[in-house]
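In: Give me the fold of what follows.
(one chain, ligands or ions: 1)
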Amino acid sequence: MTHSRASTRVVIVGGGGTMGSSTALHLIRSGYTPSNITVLDVYPIPSLQSAGYDLNKIMSIRLRNAVDLQLSLESLHMWKNDELFKPFFHNVGMIDCSSSEEGIASLRRKHQSLIDAGIGLEKTNVWLESEEEILARAPHFTREQIKGWKGLFCGDGGWLAAAKAINAIGQFLNSQGVKFGFGGAGTFKRPLFAADGPTCNGLETLDGTKYYADKVVLAAGAWSPTLVDLEDQCVSKAWVFAHIQLTPREAAEYKDAPVVYDGEYGFFFEPNEHGVIKVCDEFPGFSRFKQHQPYGAASAKFVSVPRSHAKHPTDTYPDASEATIRKAIARFMPHFKDKELFNRTMCWCADTADANLLICEHPKWKNFILATGDSGHSFKLLPNIGKHIVELLEGSLSQDLADAWRWRPGGDALKSGRDAPAKDLADMPG
Ligand SMILES: Cc1cc2nc3c(=O)[nH]c(=O)nc-3n(C[C@H](O)[C@H](O)[C@H](O)COP(=O)(O)OP(=O)(O)OC[C@H]3O[C@@H](n4cnc5c(N)ncnc54)[C@H](O)[C@@H]3O)c2cc1C
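Out: Purely as a prediction, here's the structure:
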């Protein structure tokens, strides 16, 4: 039986997170009936354990391949122009810099790719060769601090008020009459299948509720590989960050400052309206492997299982992270190096081997759609990723996106194109 948009029932697992909320939004924008859309999550939207539940995320144009460039440009357009998203984009720019020979050479290649893209990106992305040029963009630095730094000022970039943007989608979904299930009634347990065997016709949640649907979308982020067997295509990894509190006077000095990113240290954002600065270090992530049997696996296997900060709020991060975050603060803001750190936390993503998303129908389960996979860069796609997930549901996804996001076991998702594989949390003191 074929369904019209108005009559198709869709259940979204992880609808309180980034890709899931975007999918629900675009179903409505495409003409699906809100009461036929069910958003499930462990926590109410914005879910406390979503990777997007955060003060801020970086917005920048990604040039890694044609698909990333297309998605970044689409999302930039929406962050700038779509009424729902506009309030959450702070277009303060980003300084992508380095003081090492290797780092500078890599940034020069990035600058060249921007020019080679041939779409005028060199007008907004400017090479910073001299200390004067850097100080003109970031007057809060001292000349001493930026000695040897070179890099790019990315004028299209800046930061996104992440949790607030997901919250705005949640409010819109609520106003439209979308159905929600949270807690036990929102926590995915297993898919349900029709009498023919391979056709998925719904799912059961932890409390035993059964939701029947024409399409099930699994957008459970770092939890996806623990819920269904993804045949090792995704490895869930954590990154860390902490916050410092500035006085109103200190915060005023950093107001509208660009995001500063140095791949050897980390990155930081301008203070929020309460004077809080978030600081991240940069490293290949932490895994947390244990024996676990996702649905569809013949037996238990080694899977990296995220530990939810929402469930374990006293969890912070390994001792080593305290040192690297302090090192980043000392590099970027030496006068704040002794400030107290608070809200130390981990944030989980499901990395794929080639850093492309995994957005496809399950190869064996008809109507069960995966919308997951990561590379630590997908929050910026909040405004537009759902549009493509809806295209997949409808069979109209373009071939280049379908190729990039296909089911593709076999790569090394632990390393995921980074310089080193992730370390396991079990091996990290603290
Ligand atoms: C430290 C860090 C920094 C990052 N920085 C940036 C950045 O600067 N810019 C950028 O663009 N991207 C960034 N990212 C990446 C970005 O946050 C992720 O790519 C994106 O948020 C992933 O979206 P998702 O929908 O796959 O997962 P999530 O947003 O995590 O959503 C998954 C959802 O599934 C839910 N869920 C889990 N289990 C179940 C279950 N059993 N049943 C129902 N629901 C369930 C969760 O509660 C959650 O709401 C960063 C990520 C991290 C970790």
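In: Tell me what the closest residue to residue 259 other than its chain neighbours is bridged to.
Out: Leaving aside its chain neighbours, residue 259 sits nearest to residue 94 (4.3 Å; criterion: CB to CB, 6 or more residues apart in numbering). No exception for glycine: its C-beta is placed from N, CA and C like everyone else's. On the basis of DSSP bridges, residue 94 is bridged to residue 154, residue 259.
In: and the closest residue to the ligand within the stretch 101-250 of the chain, what does it touch?
Out: Residue of the stretch 101-250 of the chain nearest the ligand, by CB to the nearest ligand atom: residue 221 (2.4 Å). Counting by CB atoms under 8 Å, 6 or more residues apart in numbering, residue 221 makes contact with 14, 17-19, 50-51, 348-350, 372, 374.
In: now residue 225: how far from residue 100?
Out: 34 Å (CB to CB, to the nearest Å).
In: sorry, back to before: now, which of the contacts of residue 221 sits nearest the ligand?
Out: Of the contacts of residue 221, the one sitting nearest to the ligand (CB to the nearest ligand atom) turns out to be residue 17, at 2.0 Å.
In: ok, which residues in the stretch 101-250 of the chain are in contact with the ligand?
Out: Residues of the stretch 101-250 of the chain found near the ligand (CB under 6 Å from any ligand atom) are 186-188, 219-223, 227, 239, 241.
In: rewinding a little: looking at the contacts of residue 221, which are in helices?
Out: In helices, judged by DSSP state H, the following of the contacts of residue 221 are found: 18-19.
In: Determine which two of the contacts of residue 221 are furthest apart.
Out: Largest separation among the contacts of residue 221 by CB to CB: 19 and 348, giving 14.0 Å.
In: ok so, going back, which of residue 225 and residue 100 has more neighbours?
Out: residue 225 (27 against 13; other CB atoms under 10 Å).
In: and the gap between the closest residue to that one other than its chain neighbours and residue 353?
Out: Leaving out its chain neighbours, the residue that sits closest to residue 225 by CB to CB, 6+ apart is residue 234, at 4.6 Å. According to CB to CB, residue 234 stands 9 Å off from residue 353.
In: who's more crowded, those two?
Out: The neighbour comparison of residue 234 against residue 353 (other CB under 10 Å) goes to residue 234, with 26 against 20.
In: Run a quick check on that one versus residue 370, I expect a contact.
Out: No: judged on CB atoms under 8 Å, residue 234 makes no contact with residue 370 at a distance of 9.3 Å.
In: overlap in contacts of those two?
Out: Joint contacts of residue 234 and residue 370 (CB under 8 Å, 6+ apart) are 224, 358.
In: residue contacts, residue 59?
Out: By CB under 8 Å, 6+ apart, the neighbours of residue 59 are 75-76, 79, 89, 91, 94, 156-160, 380.
In: So which of these belong to helices?
Out: Short answer: the contacts of residue 59 in helices (DSSP H) are 75-76, 79.
In: how about the helices in the chain?
Out: Using DSSP H, helices in the chain cover 18-29, 66-81, 101-116, 131-137, 162-176, 224-227, 248-254, 319-332, 385-394, 399-404.
In: quick one: buried residues of the last one?
Out: Right, helix 399-404. Across helix 399-404, burial judged by 16 or more other CB atoms under 10 Å covers 401, 404.
In: Give me the local confidence score for the closest residue in space to residue 258 that isn't next to it in sequence.
Out: Distances taken as CB to CB, 6+ apart place residue 93 nearest to residue 258, at 4.0 Å, with adjacent residues excluded. Note on residue 93: pLDDT of 97.
In: So which residues make contact with stretch 413-426?
Out: With CB under 8 Å, 6+ apart, stretch 413-426 has contacts from 232-235, 237-238, 284-289, 307, 318, 351-355, 375, 412.
In: Could you check how far stretch 143-162 is from the centre of its chain?
Out: For stretch 143-162, the separation from the chain centroid amounts to 20 Å (computed by CA atoms, centre = their mean, to the nearest Å).
In: Return only those of the contacts of residue 221 found close to the ligand.
Out: Answer for these near the ligand (CB under 6 Å from any ligand atom): 14, 17-19, 50-51, 348-349, 372, 374.
In: In strands, which of the residues you listed appear?
Out: 348-349, 372 (DSSP state E).
In: Going by neighbour count, which of those residues comes out on top?
Out: For these, neighbours tallied by other CB under 10 Å; top is residue 372, 33 neighbours.
In: for it, what are its contacts?
Out: Contacts of residue 372 by CB under 8 Å, 6+ apart are 19, 218-221, 224, 230, 234, 350, 357-359.
In: Show me which of these is closest to residue 180.
Out: Checking these one by one against residue 180 (CB to CB), the nearest turns out to be residue 219, at 14.7 Å.
In: okay, now that closest one: neighbour count?
Out: Applying other CB under 10 Å, we find 31 residues neighbouring residue 219.
In: just residue 176 next, same as before
Out: If we define neighbours as other CB under 10 Å, then residue 176 has 15 of them.
In: what's the answer for residue 320, then?
Out: A count of nearby residues for residue 320, using other CB under 10 Å, gives 16.
In: I'd guessed it sits against residue 327; true?
Out: No: with contact defined as CB under 8 Å, residue 320 does not count as touching residue 327 (10.5 Å).
In: ok, back up a step: farthest-apart pair in the contacts of residue 59, please.
Out: Between any two of the contacts of residue 59 (CB to CB), the greatest distance is 14.7 Å, for 75 and 94.
In: what's the nearest residue to residue 393 if we skip its chain neighbours?
Out: Closest to residue 393 by CB to CB, 6+ apart is residue 215, at 5.3 Å.
In: need the contact list for that neighbour.
Out: Here residue 215 is in contact with 8-11, 367, 369, 393 (CB under 8 Å, 6+ apart).
In: can I get those residues in CSV with neighbour count and pLDDT?
Out: Formatted as CSV, the contacts of residue 215 follow (neighbours: other CB atoms under 10 Å; pLDDT from 0 to 100):
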residue, neighbour count, pLDDT
8, 19, 98
9, 20, 98
10, 24, 98
11, 25, 98
367, 21, 98
369, 23, 98
393, 24, 98
